[in-house]
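Novice: One predicted model, sequence on top.
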There are 2 protein chains.
Amino acid sequence: MKVVRISIIGFGAVGQGVARSILAKKEFLNDQGIDLCVVGIADSGGCTVDNQGIDLNSALEKKKQTGTIAAGRESVFELISNIEHEIVVEATPTNIENGEPGLSNMLAAFKSGKHIVTSNKGPLALRFSELKEAAEDNGVLFRYEATVGGAVPIFNLIHEDLAGNTVLGIEGILNGTTNYILTRMAEERLPYELVLKEAQELGIAETDPTYDVEGIDSACKLVIIANSVFGKNATYRDVKVTGITKITPEALELASKNNYVVKLVCEAGNGNLTVAPRLVPKRHPLAVGGTLNVASIMTDLAGRITISGKGAGSVETASSILSDILYLVKNS
Amino acid sequence: MKVVRISIIGFGAVGQGVARSILAKKEFLNDQGIDLCVVGIADSGGCTVDNQGIDLNSALEKKKQTGTIAAGRESVFELISNIEHEIVVEATPTNIENGEPGLSNMLAAFKSGKHIVTSNKGPLALRFSELKEAAEDNGVLFRYEATVGGAVPIFNLIHEDLAGNTVLGIEGILNGTTNYILTRMAEERLPYELVLKEAQELGIAETDPTYDVEGIDSACKLVIIANSVFGKNATYRDVKVTGITKITPEALELASKNNYVVKLVCEAGNGNLTVAPRLVPKRHPLAVGGTLNVASIMTDLAGRITISGKGAGSVETASSILSDILYLVKNS
């Protein structure tokens, strides 16, 4: 049995989803000769550390009861830097102002020779090249499948499955909230404000929906793709962004009559970095509805390859994190 | 520069596509430190061998002018077994009666310690477990992305990108010819016979379309997926198959009025192996048109992940072969 020690930094929906998935998948992983041993967990209240492996059921229960897993005296940096383990799962909330605390956590992990698996967009939408170089300089790997598209494995698809291809361009719908709003507006002929309220009540949109509806979340994801695939060093501020707040039910109805849907489409390629509402033919591969995410990769050999799936959710995001962890177990 | 020596067995559309892709991708591969050196090519007329690397431009030209690349005195088995190289690309035509000559070629390659990358469905739809074991017994790898879905990387998606997931079931449209026929019948309200003739004139359907329209090609692909993903040892004869020849334009019109399309859907999971025409909601991820292929993977963590793209074509199939070769270069 290969024991792989990991820490989970950030114990909100994603971090807890990772813990639940590791519990649910214990036998599945053991069958592959892998034992994932969580030696440290951190949340905003503090840390808990156990070199022999934390009882994840107890940690989840404690978090539920008390709101924090804080138990030990270590700081997050001491946990990341001084506790022996191989992989840091960085799952703190996205902060697109300065990337913290994720940015410092990731740099500390690399510096102490640990691989990073993350779902945290902020640092990658601001300082991608710096992070990539820090990983390379320290001889460790940097995996970020969960930052874009939730459960949809966009980066692995491009870098591994289509390895023989040159990517010519990428189009995608990378924000489930706006896709839900546009789909409902078109189907029910309802105005934006009403559908937004419905989405907020269903927990699909946040109380302050600005980042989603103004296209900023999409821009962050697009820039991570562009940096990863085209070797760029862009930030989300380099993306030309138009949101969906000005779209009327009448515009959607007119589009529908002509066999189009309106989608908030992200485009990268040929120097272009754009997020904007676009007319998409109803039968086009990008025309997926509800909260789905989709990415279409245009390549020289394979042509257009399109992948879609759930773009959010704690278990769905944990799926990408778990696959990244297994990649590290296999390739390091 | 890592020199990787390969042979191409079968020099029809796929084999030539591989040669063209290696030529087109020379710089791209060199940039990654890889030099793919083709030391042998075989077609039905004979073999050509050059330990220093065959000039692929000349080989393609000779094939075009004379119909064969035959030059040396080696037999195909001597080329596979006795010439030093690492990877055999098996691209002979699919034969679903007994799998030959592909089956013997693959077994010979494994026996002499060579990895196989193949586009040839026949041997895998008949003797999957035997081939897998032969590869394992000889400590080599067996890669077959190009056997199913053309350019669409179904196996890599499941085995690598979704590695943390248990696959619950798979649905797909795995035959571009029947998808084209059903799409055109529905759109143009034309009878089966007329659209089949059109597809034959366009080169989308073969002169004898039986394997495609009776669902046998789909069954072969489905059984390869089931064997690979669920560890089964089934043959295409274990699949319950219904073809598309009895479908009328009236049935498609009725379906359309109720917002459905009719697709030749392959289903695997829970002991079920079926290929049959199914009603698919127009907005369902499987509802892709034209000659596209699509696969929907139902998983425990990621939910439903759907991937679509070109299911046939010489360059598209070469894309999957090239990605498999690069996987081998990285993982062996």
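Specialist: Okay, I see it. Residues are numbered from 1 along each chain as shown, chains lettered A, B, ... in the order given.

Novice: Is the host helix or strand of A:Thr317 in proximity to chain B?
Specialist: If you go by DSSP states H and E, A:Thr317 is part of helix A:314-331. Yes: residues of helix A:314-331 contacting chain B under CB under 8 Å from any CB of the partner chain: A:315-316, A:318-323, A:325-327. C-beta here means a position set from N, CA and C on the backbone, and glycine is covered the same way.

Novice: Let me know the closest of those residues to A:Arg237.
Specialist: Each of the residues of helix A:314-331 next to chain B was checked against A:Arg237 using CB to CB; the closest is A:Ser320, at 25.5 Å.

Novice: neighbours around that closest one, how many?
Specialist: 31 (other CB atoms under 10 Å in any protein chain shown).

Novice: wait, what's in contact with it?
Specialist: Residues in contact with A:Ser320 (CB atoms under 8 Å, 6 or more residues apart in numbering or on different chains) are A:119, A:145-146, A:149-153, B:302.

Novice: now the helix holding A:Thr317: how far from the chain's centre is it?
Specialist: For helix A:314-331, the gap between its own C-alpha mean and the chain's C-alpha mean amounts to 12 Å (CA atoms, centre = their mean, to the nearest Å).

Novice: pLDDT averaged over it - what is it?
Specialist: Across helix A:314-331, the average pLDDT comes to 96.

Novice: now A:Leu279: how far from B:Gly46?
Specialist: Going from A:Leu279 to B:Gly46 by CB to CB, to the nearest Å gives 55 Å.

Novice: For A:Thr178, see how far away A:Thr210 is.
Specialist: Here A:Thr210 is placed at a distance of 12 Å from A:Thr178 (CB to CB).

Novice: More neighbours: which of these two?
Specialist: A:Thr178 (29 against 12).

Novice: Contact partners for that one?
Specialist: A:212-213, A:215, A:218, A:243-244, A:264.

Novice: Recalculate using a threshold of 6 Å.
Specialist: Counting by CB atoms under 6 Å, 6 or more residues apart in numbering or on different chains, A:Thr178 touches A:212, A:244, A:264.

Novice: Chain neighbours aside, what residue packs nearest to it?
Specialist: Using CB to CB, 6 or more residues apart in numbering or on different chains and skipping residues adjacent in sequence, the residue nearest A:Thr178 is A:Leu264, 4.5 Å away.

Novice: burial count for the nearest residue to A:Ser81 once chain neighbours are set aside?
Specialist: Spatially, and ignoring its direct neighbours in sequence, A:Ser81 is nearest to A:Ser112 (4.4 Å; CB to CB, 6+ apart). Using other CB under 10 Å, A:Ser112 is surrounded by 17 other residues.

Novice: quick one: pLDDT of A:Ala287?
Specialist: For A:Ala287, pLDDT reads 93.

Novice: what about it, distance to chain B?
Specialist: As judged by CB to the nearest CB, to the nearest Å, A:Ala287 and chain B stand 8 Å apart.

Novice: Could you grab the helix/strand/coil label for that residue?
Specialist: Secondary structure, DSSP: H, G, I helix; E, B strand; the rest coil: A:Ala287 is coil.

Novice: I'd assumed A:Val262 was in contact with it.
Specialist: No: using CB atoms under 6 Å, A:Ala287 makes no contact with A:Val262, being 10.1 Å away.

Novice: just to revisit the earlier point, out of the contacts of A:Ser320, which is nearest to B:Lys197?
Specialist: Scanning the contacts of A:Ser320 for proximity to B:Lys197, where the rule is CB to CB, the winner is A:Val152, at 39.7 Å.

Novice: Please tell me I have it right and the closest one contacts A:Gly309.
Specialist: Yes: if you go by CB under 6 Å, A:Val152 and A:Gly309 touch, sitting 4.3 Å apart.

Novice: Show me what from chain A comes close to chain B.
Specialist: Counting by CB under 6 Å from any CB of the partner chain, the residues of chain A lying close to chain B are A:151, A:153, A:156, A:160-161, A:163-165, A:283, A:289, A:301-303, A:305-310, A:315-316, A:319, A:322-323, A:326.

Novice: In helices, which of these fall?
Specialist: A:156, A:315-316, A:319, A:322-323, A:326 (DSSP state H).

Novice: Buried ones among those residues?
Specialist: Neighbour-count burial (16 or more other CB atoms under 10 Å in any protein chain shown) applied to those gives A:156, A:315-316, A:319, A:322-323, A:326.

Novice: which ones are touching the residue of the stretch 51-200 of chain A found nearest chain B?
Specialist: For the stretch 51-200 of chain A, the residue closest to chain B is A:Gly164, as judged by CB to the nearest CB, at 3.0 Å. By CB under 6 Å, 6+ apart, A:Gly164 lies in contact with B:319, B:322-323, B:326.

Novice: Try it again at 10 Å.
Specialist: Contact partners of A:Gly164, counting by CB atoms under 10 Å, 6 or more residues apart in numbering or on different chains, are A:299-302, B:21-22, B:25, B:28-29, B:318-327.

Novice: between the contacts of A:Thr178, which is nearest chain B?
Specialist: Chain B lies nearest to A:Leu264 out of the contacts of A:Thr178, by CB to the nearest CB, at 18.0 Å.

Novice: Check which strands are paired with the helix or strand encompassing the closest one and give the direction for each one.
Specialist: Element membership for A:Leu264, per DSSP H and E: strand A:260-269. Strand pairing for strand A:260-269, determined by DSSP bridges: strand A:167-173 (antiparallel), strand A:272-281 (antiparallel).

Novice: Give me whichever of those is most buried.
Specialist: Highest mean neighbour count of the strands paired with strand A:260-269: strand A:167-173, a mean of 22 (counted as mean count of other CB atoms under 10 Å in any protein chain shown).

Novice: gap between the nearest residue to A:Ser256 once chain neighbours are set aside and A:Val262?
Specialist: Nearest non-adjacent residue to A:Ser256, counting by CB to CB, 6+ apart: A:Ala186, 6.1 Å away. Going from A:Ala186 to A:Val262 by CB to CB gives 7 Å.

Novice: what do those two both touch?
Specialist: Joint contacts of A:Ala186 and A:Val262 (CB under 10 Å, 6+ apart) are A:247, A:251-252, A:255-256.

Novice: PyMOL command to pick out the buried ones of the contacts of A:Gly164?
Specialist: Per 16+ other CB under 10 Å, the buried members of those correspond to this PyMOL selection:
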select buried, (chain A and resi 299+300+301+302) or (chain B and resi 21+22+25+29+318+319+320+321+322+323+324+325+326+327)
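
Novice: thinking again about what came up before, thought the residue nearest to A:Ser81 was touching A:Phe77?
Specialist: Yes: counting by CB atoms under 10 Å, A:Ser112 touches A:Phe77, with 9.4 Å between them.

Novice: Could you tell me which residues touch both of those two?
Specialist: Any residue near both A:Ser112 and A:Phe77 by CB under 10 Å, 6+ apart counts here, and not one turns up.

Novice: residues near the residue nearest to A:Ser256, how many?
Specialist: 22.

Novice: Show me how far the helix or strand harbouring it is from its chain's centre.
Specialist: With secondary structure defined by DSSP H and E, A:Ala186 is part of helix A:176-188. Mean-position distance between helix A:176-188 and its chain equals 21 Å (CA atoms, centre = their mean).
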